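[1] Please work out how this folds:
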Amino acid sequence: MQRDLPLSSARSETLPSWKQALTGLALLCGAVLALTLREWGEMAWQWWNSDSYAHILLIPPIILWLIWAKQDALAEIEPRSWWPGLVPFGLALALWVIGRASGINLIAHAGAVAALASSVPVVLGPRAAALLALPLGFMVFLVPFGEEIVWPMQILTARLVIQLAHLSGIDAALDAIHITTPFGLFIVAEACSGVKFLIAMIALGVLAAFTAFSSWKRRILFLLACVIVPILANAVRAWGTIYIAQFIGAERAGGVDHLIYGWVFFAVVVAIVLGLAWRWFERTPDEAGWSLAELERSPLLARLEAFSAPLPIVLGAAIGLGMIAGAFAIGLSPAYG
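    Residues are numbered from 1 along each chain as shown. So this is what the prediction gives:
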């Protein structure tokens, strides 16, 4: 009967452990944020000032919501500081140092985010990290990325547009990203590549795939749709600009395009994808990820938890790794050398 006693009994037993663990987690996360403050400042500036990355402003609230959805399950387990977690934590710091030393912001930003995420298994242990796998994994979308594929996306969009133009009877010629028609020259510019909507759609796709579906087949199909549909929709939008230009002129057609090309366009694409997939949704968001019962039955987690260690030792080792990484960053970074 004691096992069926309710959750309040188990929670009262784990509450002191959680208070200590959360204090330790706050200390380690604070140390990581202080160490990588420059990178977080750069990322925050991009989120706020770049239209390409404006969608990232929604990622932190989503992460907090995903954590909140797991609060009842977390309250049922005992956090255990876990020394093997120092391995991914150290690797994340090494990635950050490499980014600093090479001057490649993408690598430094990825390392800063990874270091913050990997603080969780260090302090809370593998079971808590498994429960929080989705919000921790979703942190990858805090990193501003996508500029690397702008040119390929410009080329792909131009090629799709030229095919649509020919299918619709428009006499057009393609030269890289330049489309020549009898009524004007059109250029698939960086802003028209569709990258910002593609990245935002992938982030939304990952969120929906792991909160609304339990089948891996459906997850993969949905994620493929989140890649293919925005690419095709962007090409149709660009073709539509060329198509109406033959009636109202290239300049006015460009004005119409600027009116519809924005987050309204993105909302339409999202509505199409979610509308088509809605009938196959298999669960509600609060059921996302592994359940507490599944984790309790896992022999792997039981073996991993055997490597727990006292919190002060693990926390001290993690902060020591941070100090070593900081020393290397100062010594190797062009900004400080």
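
[2] Report the helix or strand with the lowest average pLDDT across the protein.
    helix 250-260 (a mean of 66; mean pLDDT, DSSP states H and E).

[3] Can you name the next helix or strand after that one?
    Sequence-wise, the next helix or strand downstream of helix 250-260 (DSSP states H and E) is helix 263-277.

[4] Pull the residues that contact that following helix.
    For helix 263-277, contacts defined as Cβ atoms under 8 Å, 6 or more residues apart in numbering pick out 197, 200-201, 204-205, 208, 212, 222, 225-226, 229-230, 233, 237. (Glycine included, C-beta is placed from N, CA and C.)

[5] Ok, stretch 31-51 next?
    When contacts are taken as Cβ under 8 Å, 6+ apart, the neighbours of stretch 31-51 outside the stretch itself are 53-54, 56-57, 96, 99, 105, 108-109, 111-112, 115-116, 119, 142-144, 196, 318-319, 322, 325-326.

[6] for stretch 71-88, same thing?
    Outside stretch 71-88, the residues within contact range by Cβ under 8 Å, 6+ apart are 7, 10-11, 13-14, 17-18, 21, 24, 114, 118, 121-129, 131-132, 291-292, 295, 304-305, 307-311, 313-315, 317-318, 321.

[7] Give the buried subset of those residues as a ChimeraX selection command.
    The buried subset of the contacts of stretch 71-88, as determined by 16 or more other Cβ atoms under 10 Å, is captured in ChimeraX by this line:
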select :10,14,18,21,24,114,118,121,122,123,124,125,126,127,128,129,131,132,292,295,304,305,308,309,311,314,315,317,318,321
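
[8] Among the contacts of stretch 71-88, which ones are in strands?
    Secondary structure defined by DSSP state E assigns none of the contacts of stretch 71-88 to strands.

[9] Return the subset of the contacts of stretch 71-88 lying in helices.
    Among these, the members found in helices (DSSP state H) are 7, 10-11, 13-14, 17-18, 21, 24, 114, 118, 121-124, 126-129, 131, 292, 295, 304, 311, 313-315, 317-318, 321.

[10] Give me the below-cutoff pLDDT ranges for this protein.
    Using pLDDT under 70 as the threshold, the predicted model of the chain has low-confidence ranges 1-16, 250, 253-263, 286, 333-337.

[11] Quick check, Ala235 in contact with Val161.
    Yes - between Ala235 and Val161 a contact is recorded at 5.5 Å, counting by Cβ atoms under 8 Å.

[12] Report the central residue of this protein.
    In the chain, the centroid-proximal residue (Cα atoms, centre = their mean) is Phe141; its distance is 2.0 Å.

[13] For Trp83, see how far away it is.
    Here the distance between Phe141 and Trp83 works out to 29 Å (Cβ to Cβ, to the nearest Å).

[14] what do you get for Phe281?
    Applying Cβ to Cβ, the value for Phe281 to Trp83 is 40 Å.

[15] got it, and Ile202?
    Relative to Trp83, Ile202 is positioned 34 Å away (criterion: Cβ to Cβ).

[16] Next: Leu223.
    Here the distance between Leu223 and Trp83 works out to 35 Å (Cβ to Cβ).

[17] SS state for Phe145?
    coil (DSSP: H, G, I helix; E, B strand; the rest coil).

[18] Now do it against Ala200, distance only.
    Computed as Cβ to Cβ, the Phe145 to Ala200 distance reads 12 Å.

[19] Could you check which of these two has the larger neighbour count?
    Taking other Cβ atoms under 10 Å, Phe145 and Ala200 do not tie; Ala200 has more neighbours (25 against 15).

[20] in the helix ranked longest in the chain, what's buried?
    With DSSP H setting the assignment, residue counts place helix 216-248 as the longest helix in the chain. Buried residues in helix 216-248, counting neighbours by 16+ other Cβ under 10 Å, are found at 218-219, 222-223, 225-226, 229-231, 233-235, 237-243, 245-246.
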